[in-house]
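[1] This is the structure alone, sequence omitted:
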RNA sequence: GUGGAUGUAGCUCAGUUGGUUAGAGCGUCAGGUUGUGGCCCUGAAGGCCGUGGGUUCGAGUCCCAUCAUUCACC
């Protein structure tokens, strides 16, 4: 059940109630591909970082350790001891970004595992069955994610096929949810909009899938090669055609500024590997902009990463220490950096929600769309 | 002490029969990273080629001496 609490122009303050807890939106979902946040942050610690929704991945968990095993152990939430909601990505993106030797047909995709090269088939029904076994709160539709730019005719054929796959996802999900031994019989399904960088294909696709009456709608196929202005343009074009009373999810995006701009355009859900991946290489986010803590100027800097930050790294450790740990490839260095960035992203979303609640999101947006994209001065 | 081997970037090493401005990997410095393969990409700085002499139009390369490191044998 999704409720719009307040809007300011196109920006939305909402609430999604699920069987695994309530999600306050706009929200950033913390990416834990293999039922783990890379960098060594456990699920209970994730809660301390104010994470609301954990994101895991169908493709990776299907290959290892296997969705049957996770089902036997009570589903992914029990497996990783995460109390809150979980969103599982369908595997569509990974099939196209990781797997080798793929062959796309109407029934689904034939591809080779990136772990051992084993031949695997995944289609809409397989993806739904895996996600049902994982027993996530929200399942994503199985789609084809096309890199931009791509030829018009190919994008048209592909997005139409993805829409046909979506109906099969919906039907299979309904069947699985009605089975007596399903772990989460209330599993939700989000459809995914495709259409590359072509306005007419995006709109046609969105209008088609909006009629399917799903639990939420995602914009996929962005931040995959096109420039940032094109990405904003597509969101701007598609958003008016998305159901107002359903959550909107922009997949795989993005930088703090990307998120701010997209909330401004009416998006509710986000996920991105950026806070964790960048953290592992010393790129940290602060309220005064971006920082590379590996820079030599931080060699003897006794200050925390971001003064005023309440994260476990900033409460206890200096820039000099964290710089040393990452350079020495100590696991603790990555862990502290990842915790900081996840805390920052969750804090960013909290402040966005506060601004929407307080009716000053416009001012907040104008101020931070500039600051957050800059590099910290000192 | 005798004989051999090796000395080139911070480290490990390429460098053709002597021929433009001496290269690579790693490290360092600085960018990038968007539904995650603990990756990957881009750029930059950094050299009296152990030292001194010689041969030559021209030497990292050939010759002599010397120093250092190292191995073998006394």
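    Received the coordinates, thanks. The structure displayed is predicted, hence computed values, not measured ones.
[2] Tell me the residues of the stretch 51-200 of chain A that contact RNA strand B?
    A:55, A:57, A:60, A:89-90, A:92-94, A:97-98, A:100, A:114-115, A:140-141, A:143, A:145, A:192, A:194 (CB under 7 Å from any atom of the strand). In short, each C-beta sits where N, CA and C put it, glycine included.
[3] what sits up against the helix or strand where residue A:68 lies?
    Assigned by DSSP states H and E, residue A:68 belongs to helix A:67-72. If you take CB atoms under 8 Å, 6 or more residues apart in numbering as the criterion, helix A:67-72 is touched by A:35, A:58, A:61, A:76, A:79, A:129, A:130, A:131, A:133, A:134, A:135, A:183.
[4] make it 6 Å
    Here helix A:67-72 makes contact (CB atoms under 6 Å, 6 or more residues apart in numbering) with A:61, A:76, A:79, A:130, A:133, A:134.
[5] element containing the first one, please.
    By that I understand residue A:61. Counting by DSSP H and E, residue A:61 is found in helix A:58-63.
[6] Now that helix: buried residues?
    Residues A:58, A:59, A:60, A:61, A:62, A:63 are the ones in helix A:58-63 that count as buried (16 or more other CB atoms under 10 Å).
[7] Show me what it is packed against.
    helix A:124-134 (3 or more CB pairs under 6 Å, 6 or more residues apart in numbering; DSSP states H and E).
[8] mean confidence score for the helix it packs on?
    Across helix A:124-134, pLDDT averages out at 97.
[9] after that helix, next one along is what?
    Immediately after helix A:124-134, counting by DSSP H and E, sits strand A:138-140.
[10] quick one, phi psi at residue A:2?
    Dihedral pair for residue A:2: phi -110, psi 130, per degrees, to the nearest 10.
[11] so the residue nearest to residue A:26 when sequence neighbours are not counted, which of the three states?
    Excluding the flanking residues, the one nearest residue A:26 by CB to CB, 6 or more residues apart in numbering is residue A:263, at 4.9 Å. What DSSP: H, G, I helix; E, B strand; the rest coil gives for residue A:263 is helix.
[12] wait, isn't residue A:263 in contact with residue A:28?
    No. Between residue A:263 and residue A:28 there is no contact, the gap being 10.3 Å when judged by CB atoms under 6 Å.
[13] Please, where are all the strands along the stretch 201-350 of chain A?
    A:216-219, A:248-250, A:269-271, A:283-286, A:289-292 (DSSP state E, counting those that start in this stretch).
[14] Paired strands for the first one, with orientation please.
    I take that to be strand A:216-219. strand A:188-193 (parallel), strand A:248-250 (parallel) (DSSP bridges).
[15] do the same with the fourth one
    The pairing partners recorded for strand A:283-286 under DSSP bridges are strand A:289-292 (antiparallel).
[16] Contacts for the partner strand, please.
    Against strand A:289-292 from outside (CB under 6 Å, 6+ apart): A:282, A:283, A:284, A:374, A:375, A:376.
[17] Tell me who's in contact with the first one.
    So the one you mean is residue A:282. A:292, A:293, A:294, A:326.
[18] what's the answer for the fifth one, then?
    Contacts here follow CB under 6 Å, 6+ apart; on that basis residue A:375 touches A:289, A:290.
[19] how near is it to residue A:309?
    Residue A:375 is 17 Å from residue A:309, where distance means CB to CB, to the nearest Å.
[20] picking up where we left off before, in strands only, show me the residues of the stretch 51-200 of chain A next to RNA strand B.
    A:55, A:57, A:89, A:100, A:140, A:192 (DSSP state E).
[21] give me the subset of the contacts of residue A:282 touching RNA strand B.
    Near RNA strand B, by the rule CB under 7 Å from any atom of the strand, you find A:292, A:294 out of the contacts of residue A:282.
[22] Among the contacts of residue A:282, name the buried ones.
    Of the contacts of residue A:282, these count as buried by 16+ other CB under 10 Å: A:293, A:294, A:326.
[23] can you put the residues you listed in CSV and add distance to residue A:46 and pLDDT?
    Formatted as CSV, these follow (distance: CB to CB, whole Å; pLDDT from 0 to 100):
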residue, distance to residue A:46, pLDDT
A:293, 22, 96
A:294, 25, 95
A:326, 21, 93
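[24] Identify, from those residues, the entry nearest to RNA strand B.
    residue A:294 (5.5 Å; CB to the nearest atom of the strand).
[25] ok, the closest one to residue A:329 distance?
    12 Å.
[26] Next: residue A:40.
    Distance from residue A:40 to residue A:329, by CB to CB: 13 Å.
[27] For residue A:371, report the pLDDT, please.
    At residue A:371, pLDDT is 93.
[28] Next, count neighbours for the closest residue to it other than its chain neighbours.
    Of all residues not flanking residue A:371 in the chain, residue A:289 sits nearest, at 6.1 Å (CB to CB, 6+ apart). Counted by other CB atoms under 10 Å, the residues lying close to residue A:289 total 17.
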